[in-house]
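> 3D model of this:
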Amino acid sequence: MANKKLAIIATKGTLDWAYPPFILGSTAAALGYDVEIFFTFYGLQLLKKQPDLSVSPLGNPGMPMPMGMDKWFPVIGTAIPGMQAIMTAMMKAKMKKKGVASIEELRELCGEAEVKFIACQMTVDLFDMNPDDFMDGVEYAGAAKFFEFAGGADISLYI
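Next up is the predicted model:
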């Protein structure tokens with residue numbers, strides 16, 4: 001009997017949006033699923049050898065924050081210079097304190113579990129990205145390749 005399949009499309013390139021595809025992908029692989037993650041547009045940032053990911057409070061009104069800041073910060077706070085760096089540092093510290101693996105560690109877990117990373121060739125070309133900047137083991141293909149896998153997947157997610 002064939003393994004179940006999980007197909008994920010990763011489109012976001014911020015630190016907070018980097019966790020779902022890698023956590024879900026590695027977990028599914030650990031449960032015996034065949035997993036492919038198709039990285040397109042800003043999601044390609046997640047494949048860089050040295051990802052420089054940050055949190056963007058802009059447009060994240062659901063971001064939990066201390067001292068009731070979540071009521072006003074996403075609107076006003078984003079105008080304060082340096083706030084994105086502060087928010088990124090806060091999130092990284094929180095993740096470390098809670099024992100959550102780093103993005104680099106999660107990517108390594110995915111690699112060990114044979115999760116396939118597919119970089120959207122059209123987007124790489126569109127943004128003049130250099131494949132040498134991406135981690136080893138990435139496959140480059142178009143949407144048709146993703147649909148070959150996703151068409152038979154038991155679960156497909158858009159992140």
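
> tell me what the strand or helix carrying Met90 is packed against?
Element membership for Met90, per DSSP states H and E: helix 83-97. On a contact count with 3 or more CB pairs under 8 Å, 6 or more residues apart in numbering; DSSP states H and E, helix 83-97 meets helix 15-30. (Glycine included, C-beta is placed from N, CA and C.)

> related to what we said a few turns ago, packing partners for the following helix or strand past the helix holding Met90?
Remark: after helix 83-97, the chain's next helix or strand is helix 103-112, criterion DSSP H and E. Applying 3+ CB pairs under 8 Å, 6+ apart, we find helix 103-112 packed against helix 15-30.

> quick one on the thing from earlier: show me which residues of the helix holding Met90 are buried.
For helix 83-97, a neighbour-count test (16 or more other CB atoms under 10 Å) marks 83-84, 87-88, 91-92, 95 as buried.

> do the same with stretch 137-147
For stretch 137-147, by 16+ other CB under 10 Å, it's 143, 145-146.

> does Gly137 sit in a helix, a strand or a coil?
Following DSSP: H, G, I helix; E, B strand; the rest coil, Gly137 is assigned to coil.

> Does it touch Glu108 like I think?
No. Under the criterion of CB atoms under 8 Å, Gly137 makes no contact with Glu108, lying 10.7 Å away.

> Quick check: phi and psi at the spatially closest residue to Gln84 that is not a sequence neighbour.
Take Gln84 and drop its neighbours on the chain: the residue closest to it by CB to CB, 6 or more residues apart in numbering is Ser54, 5.5 Å away. With angles defined as degrees, to the nearest 10, Ser54 sits at phi -130, psi 170.
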